[in-house]
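K.L.:
sequence and predicted structure below; questions after.
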Amino acid sequence: MNWLENLQRSFFDWDAMASVLPSLLMVGLKNTLILAAASTVLGIVIGMILAVMGISRSAWLRIPARVYTDIFRGLPAILTILLIGQGFARIGRELFGPSPYPLGVVALSLIAGAYIGEIFRSGIQSVESGQMEACRALSMSYGQGMRLIVIPQGIRRVLPALVNQFIGNVKDSSLVYFLGLLASEREIFRIGQDQAVVTGNLSPLLLAGMFYLIITVPLTHVVNHIDNRLRLGRQKPGAAVSGLVEVGELRDMSGKAPATARPAIKAGSLEVRDLDMAYGELQVLKEIRLKVEPGTVTCVIGPSGSGKSTLLRCLNRLVEPKAGDVLLDGESILAMQPEQLRRRVGMVFQHFNLFPNHTAIENVMLALTKIKGMAGSQARRLAEAQLAEVGLAARADYRPSRLSGGQQQRVAIARALAMDPEVILFDEVTSALDPELVKGVLNLMADLGRRGMTMIVVTHEMGFARKVADQVAFMDEGRIVEVGPPAEIFDRPKSPRLRQFLAEVL
Ligand SMILES: Nc1ncnc2c1ncn2[C@@H]1O[C@H](COP(=O)(O)OP(=O)(O)OP(=O)(O)O)[C@@H](O)[C@H]1O
């Protein structure tokens with residue numbers, strides 16, 4: 001049993017532990033937390049700058065960020081701490097006084113910044129491209145989209161990784177002792193080690209180790225909890241609702257228009273003139289000509305890859321045409337600021353592109369307050385009215401993850417309508433929906449058309465096109481092959497390609 005006693009003396013000398021406990025608590029814990037927190041906060045600032053530089057389109061920003069990251073991630077932490085702590089000791093003394101402690105914080109922050117920059121960058125880049133598209137379609141600039149939607153979403157996604165980084169900083173703070181700290185500046189490890197030398201056993205170090213675990217282990221659990229909260233919102237998970245219940249709700253609602261006066265629609269006209277567009281070498285649109293009268297519904301049909309979505313994206317300049325022009329109420333859209341154009345031409349996407357961290361009503365309000373500068377209360381009233389219009393008054397405070405696809409798409413329509421556009425573009429908005437939910441969205445669109453909204457609808461729903469459209473344009477291989485009233489297009493197709501297409505889809 002000799003070895004057991006030996007082990008006990010080395011690790012479990014209770015007296016040694018008791019004597020070191022007060023300084024671990026009063027000095028070590030405080031300093032470790034200061035070092036870890038300060039380097040995490042400064043590291044977040046550095047990391048944020050590096051991330052924004054790292055995803056910039058300019059190589060002048062990207063390359064320095066890359067070089068910084070490679071250096072500070074590649075060097076051992078202890079080497080960086082010594083190089084900074086000793087190499088800059090003189091400047092440090094002038095700036096901060098005799099103690100190397102602040103330089104230790106700087107060194108830890110520079111190291112943490114490199115890791116945090118990579119965490120932020122991957123978080124931001126993991127946000128679906130549709131989010132930025134939705135921002136731009138709501139007439140936000142690139143910077144506003146990044147600031148209001150993409151970066152906050154990226155940060156939420158990387159919260160666990162950030163806490164891991166904080167845990168890393170708690171541990172790395174022990175390396176600052178190499179710089180030679182004053183007694184009052186010692187962190188947990190240094191105190192444990194000093195006392196271990198005095199007692200001649202490892203018990204004070206073991207207690208120091210316990211302190212590290214007490215800080216780090218609960219943190220991982222707290223962050224998982226916060227992460228779940230942020231992802232799902234604060235609502236209790238409700239029972240899954242059958243799509244048929246939603247269909248029933250919509251049926252009950254139909255004909256019972258909200259008591260509030262319906263927002264007036266101001267219908268604009270569009271004229272597409274010889275529009276060409278290419279993705280690199282790939283010519284996608286060829287001499288597109290199309291006239292859309294105010295207050296009419298134009299459905300664009302055609303086989304996959306024929307350029308329908310690209311045509312819509314040209315109309316609000318989510319992509320730039322190569323040649324030709326588009327007139328909105330007689331004005332060239334190419335002469336307008338894209339943000340101004342997008343206030344007048346709204347867009348609804350196939351995959352909704354709602355902002356997941358915002359409730360339905362916040363999704364509708366966001367551009368009103370941030371872009372149109374409307375007061376919060378006025379924006380809320382307008383958003384409530386728009387949600388009531390699409391039958392979702394009762395779901396205003398739900399986040400997208402708690403809504404069915406059909407409900408999400410109706411929120412997206414409310415969001416586009418709230419901007420009071422003159423034209424709305426719908427890009428295959430029912431293609432991603434469960435079959436029973438398609439009708440609710442199509443009925444809403446048909447209602448909008450009846451109310452006089454100018455709409456351009458890319459769709460595979462031939463029944464909708466036949467019933468609701470004023471004109472149907474058939475596209476194939478980047479050209480509008482045929483355009484006319486639905487009766488002509490569907491019942492008397494002229495071109496063989498349209499006849500072949502209709503034979504396949506009807
Ligand atoms: N971002 C892009 N970069 C390069 N090529 C693209 C891009 N987006 C679309 N394309 C190509 O442009 C062509 C037209 O695509 P578009 O999405 O406009 O067609 P579509 O008629 O809307 O098709 P679908 O019904 O499948 O959505 C296709 O050949 C497509 O592969």
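P.N.:
Thanks, I have the structure now. Worth saying up front: this structure is predicted, and the values here are computed from it rather than measured. Numbering: from 1, shown residues only.

K.L.:
flag every residue of the stretch 151-300 of the chain that's near the ligand.
P.N.:
Contacts of the stretch 151-300 of the chain with the ligand, taken as CB under 6 Å from any ligand atom, map to 279, 282, 284. In short, each C-beta sits where N, CA and C put it, glycine included.

K.L.:
domain ranges for this protein?
P.N.:
Domain segmentation of the chain under the TED database yields 1-232, 250-356+418-505.

K.L.:
same question for the first one, mean pLDDT?
P.N.:
Looking back up the chat, that one is domain 1-232. For domain 1-232, mean pLDDT is 91.

K.L.:
please apply the same query to the last one.
P.N.:
Confidence for domain 250-356+418-505, expressed as mean pLDDT, is 92.

K.L.:
how far does it sit from its chain's centre?
P.N.:
Centroid displacement of domain 250-356+418-505 relative to its chain, using CA atoms, centre = their mean, to the nearest Å, is 26 Å.

K.L.:
same question, the longest one
P.N.:
Distance, stretch centre to chain centre, for domain 1-232: 26 Å (CA atoms, centre = their mean).

K.L.:
next, count neighbours for the closest residue to residue 220 other than its chain neighbours.
P.N.:
Nearest residue to residue 220, sequence neighbours excluded (CB to CB, 6 or more residues apart in numbering): residue 163, at 6.8 Å. By the measure other CB atoms under 10 Å, the count of residues near residue 163 is 19.

K.L.:
give the buried residues for the host helix or strand of residue 163.
P.N.:
Using DSSP states H and E, residue 163 maps to helix 159-172. For helix 159-172, the neighbour count (16 or more other CB atoms under 10 Å) marks 159, 161-172 as buried.

K.L.:
next: stretch 127-141.
P.N.:
127, 131-140.

K.L.:
got it, and stretch 420-433?
P.N.:
Neighbour-count burial for stretch 420-433 [16+ other CB under 10 Å]: 420-430, 433.

K.L.:
mind listing what residue 380 touches?
P.N.:
Residues near residue 380 by CB atoms under 8 Å, 6 or more residues apart in numbering: 361, 365.

K.L.:
do you know the pLDDT at it?
P.N.:
95.

K.L.:
that one should be in a helix, yeah?
P.N.:
Yes - assessed with DSSP: H, G, I helix; E, B strand; the rest coil, residue 380 lies in a helix.

K.L.:
can you tell me how far it is from the ligand?
P.N.:
Separation of residue 380 from the ligand (CB to the nearest ligand atom, to the nearest Å): 35 Å.

K.L.:
how about residue 433?
P.N.:
Relative to the ligand, and taking CB to the nearest ligand atom, residue 433 is found at 15 Å.

K.L.:
wait, a helix at that residue?
P.N.:
No - the assignment for residue 433, made by three-state DSSP, is coil rather than a helix.

K.L.:
wait, doesn't it sit right on residue 408?
P.N.:
No - between residue 433 and residue 408 there is no contact under CB atoms under 8 Å: 9.1 Å.

K.L.:
can you pull the contacts of the residue in the stretch 151-300 of the chain that the ligand sits nearest to?
P.N.:
Evaluated by CB to the nearest ligand atom, the stretch 151-300 of the chain has residue 279 as its residue closest to the ligand, separated by 3.4 Å. Neighbouring residues of residue 279 by CB under 8 Å, 6+ apart: residue 310.

K.L.:
then residue 323?
P.N.:
Taking CB under 8 Å, 6+ apart, one finds 274-276 in contact with residue 323.

K.L.:
looking at these, which has the most residues close by?
P.N.:
residue 275 (22 neighbours).

K.L.:
SS state for it?
P.N.:
With three-state DSSP as the criterion, residue 275 reads strand.

K.L.:
wait, is residue 460 part of a helix?
P.N.:
No - the assignment for residue 460, made by three-state DSSP, is coil rather than a helix.

K.L.:
isn't it right up against residue 431?
P.N.:
Yes - if you go by CB under 8 Å, residue 460 and residue 431 touch, sitting 6.4 Å apart.

K.L.:
just the strands in the stretch 351-500 of the chain please.
P.N.:
423-427, 454-458, 471-476, 479-484 (DSSP state E, counting those that start in this stretch).

K.L.:
residue 67 is nearest to which of those?
P.N.:
strand 423-427 (40.9 Å; CB to CB).

K.L.:
from the buried residues of helix 159-172, which is closest to residue 104?
P.N.:
residue 172 (10.0 Å).

K.L.:
pretty sure the closest one is in contact with residue 109, am I right?
P.N.:
No - shown here, residue 172 and residue 109 do not form a contact pair, counting by CB under 8 Å, at 10.7 Å.

K.L.:
which neighbours do those two have in common?
P.N.:
residue 39.

K.L.:
that older thread, any idea which helix or strand comes after the helix holding residue 163?
P.N.:
Next along from helix 159-172, by DSSP H and E: helix 188-199.

K.L.:
report the angle between that following helix and helix 159-172.
P.N.:
30 degrees (axes from the mean of the first three to the mean of the last three CA atoms, to 10 degrees).

K.L.:
give me the contact list for helix 188-199.
P.N.:
So helix 188-199 is in contact with 13, 16, 19-20, 23-24, 27-29, 31-32, 174, 177, 181, 186, 202-209, 211-212, going by CB under 8 Å, 6+ apart.

K.L.:
filter the residues you listed down to the buried ones, PyMOL style.
P.N.:
To isolate the buried members of the contacts of helix 188-199 in PyMOL, using 16+ other CB under 10 Å:
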select buried, resi 13+16+20+23+24+27+28+29+31+32+174+177+181+186+202+203+204+205+206+207+208+211+212
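
K.L.:
filter the contacts of helix 188-199 down to the ones in strands?
P.N.:
Among these, DSSP state E puts none in strands.

K.L.:
who's in contact with residue 504?
P.N.:
So residue 504 contacts nothing (CB under 8 Å, 6+ apart).

K.L.:
in this protein, which helix is the longest?
P.N.:
As assigned by DSSP state H, the longest helix anywhere in the chain is helix 203-232.

K.L.:
which parts of the stretch 301-450 of the chain sit against the ligand?
P.N.:
302, 304-310.

K.L.:
nearest to residue 361, of the residues you listed?
P.N.:
Relative to residue 361, and with distances defined as CB to CB, the nearest of these is residue 309, at 28.7 Å.

K.L.:
in contact with the closest one, which residues?
P.N.:
427-428, 458.

K.L.:
again, only using 7 Å
P.N.:
427, 458 (CB atoms under 7 Å, 6 or more residues apart in numbering).

K.L.:
mind checking how far residue 16 is from residue 214?
P.N.:
19 Å (CB to CB, to the nearest Å).

K.L.:
nope, residue 425 is what I was after
P.N.:
On the measure of CB to CB, residue 425 and residue 214 end up 57 Å apart.
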